[in-house]
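Asker: sequence and computational prediction follow.
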Amino acid sequence: MMNQEYLQALLAAQSLQPIDLTRLQGLRTKIEGQLGGFEGSPRFYYAGSYGKDTIIRSSYDLDIVMYWPHDTKFSLVGIFSAVGESLKKHWTVVQPKTVAWRLPFENGFHVDIVPGRALDSTFRYANLYRTDTGQPLQTSIKVHIDNVRNSGRRELIRLLKLWKCRRSVPLKSFVLELMAIEGARGTSLTELEPQLSAALVHIRDRIHKTSVQDPANSNNDLANSMSAIERAQVSAAADAAIQARTWSEVFQ
């Protein structure tokens, strides 16, 4: 019980205050207003840790997706470029990422705006433009959110995000989330320690050899960009956490 109480206290300390959430919402409203004049009436959605409800105070950002209807006349590259040009009218620094435009702020906080084109009228799936290949990437932010929110493992994921942050573990958040869900399969949904132990063992043992399948598109391996060095670093960090005598050693 002592370990459960310690881990629950960690989670409580990592919760954002209402004023922080209000600021995030206000930032989305501001950016949506700046981008709301595009022809074709794109729709805006929360993504990332806000959409999945896995935010931790120690490290968080804001992800916003904007999808044009499937029958829009604009090309994917045209959509991506137009969003970037519009953002540059309002922000001093606008950085292109793999499928997003990033607005960096102080202390590492940033906003990623992900433009795309819906596959049909449901707006559930969309094609995004990949700047590294110039090709479309089919995926679903909504499937990603549902996968995490319905897993029953959001508290586990928040703990692992804190571990990742404090130990500088080079693992993308969504890969971490999916590996956590898979690793904790069959463990208690309420007791945090067995979930955490099982997920860390899974990460340690599988990160070297596993692909991490996008639940919205089985053709996407979300871990394929990880180098052998990064995989070794992740495995070593997970092993160090497993070997620690107390959870305070893991999260200090």
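Answerer: Received it, and whenever you're ready, just let me know what you need.

Asker: for stretch 60-75, list every residue counted as buried.
Answerer: Buried residues in stretch 60-75, counting neighbours by 16 or more other CB atoms under 10 Å, are found at Y60, D61, L62, D63, I64, V65, M66, Y67, W68, T72, F74. C-betas here are computed from N, CA, C, even on glycine.

Asker: what does stretch 77-96 give?
Answerer: I79, F80, S81, A82, V83, G84, S86, L87, W91, V94.

Asker: chain center to that stretch, what's the gap?
Answerer: 21 Å (CA atoms, centre = their mean, to the nearest Å).

Asker: just the terminal-to-terminal distance for it.
Answerer: End-to-end distance for stretch 77-96, by CA to CA, to the nearest Å: 13 Å.

Asker: now do stretch 167-178
Answerer: End-to-end distance for stretch 167-178, by CA to CA: 19 Å.

Asker: what mean pLDDT does it have?
Answerer: The predicted model assigns stretch 167-178 a mean pLDDT of 95.

Asker: same check on stretch 117-134?
Answerer: Mean per-residue pLDDT for stretch 117-134: 97.

Asker: who's in contact with P136?
Answerer: Residues in contact with P136 (CB atoms under 8 Å, 6 or more residues apart in numbering) are L76, N127, L128, Y129, R130.

Asker: sorry, that was for R167
Answerer: Residues counted as contacts of R167 (CB under 8 Å, 6+ apart) are A237, A240, A241, V250.

Asker: just put the buried residues of stretch 60-75 in CSV and tack on distance to H144 and pLDDT.
Answerer: Below are these laid out as CSV (distance: CB to CB, whole Å; pLDDT from 0 to 100):
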residue, distance to H144, pLDDT
Y60, 17, 94
D61, 15, 95
L62, 16, 97
D63, 10, 97
I64, 14, 97
V65, 10, 97
M66, 16, 97
Y67, 14, 97
W68, 19, 97
T72, 23, 95
F74, 24, 95
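
Asker: can you flag which of those residues belong to strands?
Answerer: Among the buried residues of stretch 60-75, DSSP state E puts L62, D63, I64, V65, M66, Y67, W68 in strands.

Asker: nearest to V148 among those?
Answerer: Checking these against V148 with CB to CB, the nearest one is D63 at 12.9 Å.

Asker: for the residue lying closest to that closest one once chain neighbours are set aside, give its distance to E177.
Answerer: Using CB to CB, 6 or more residues apart in numbering and skipping residues adjacent in sequence, the residue nearest D63 is G48, 3.1 Å away. Per CB to CB, to the nearest Å, G48 is found 11 Å from E177.

Asker: a strand runs through G152, doesn't it?
Answerer: No. Counting by DSSP: H, G, I helix; E, B strand; the rest coil, G152 is not part of a strand but coil.

Asker: wait, it touches L189, no?
Answerer: Yes. Contact criterion CB atoms under 8 Å: G152 and L189 qualify, at 4.5 Å.

Asker: the longest helix along the chain: what's the following helix or strand?
Answerer: The helix that spans the most residues within the chain, counting by DSSP state H, is helix 18-35. Heading C-terminal from helix 18-35, the first helix or strand you meet, by DSSP states H and E, is strand 43-47.

Asker: picking that back up, of all the ones in strands among the buried residues of stretch 60-75, which comes closest to I207?
Answerer: Using CB to CB, these come closest to I207 at D63, 23.8 Å.

Asker: what's near enough to touch that closest one?
Answerer: With the criterion set at CB under 8 Å, 6+ apart, D63 makes contact with Y46, A47, G48, S49, Y50, G51, A100, V111, D112, V114.

Asker: again with W101
Answerer: F80, V83, G84, L87, V94, Q95, D112, I113, P115.

Asker: right, and the pair among these with maximum separation?
Answerer: For the contacts of W101, with distances taken as CB to CB, the pair at the greatest spread is Q95 and P115 (14.3 Å).
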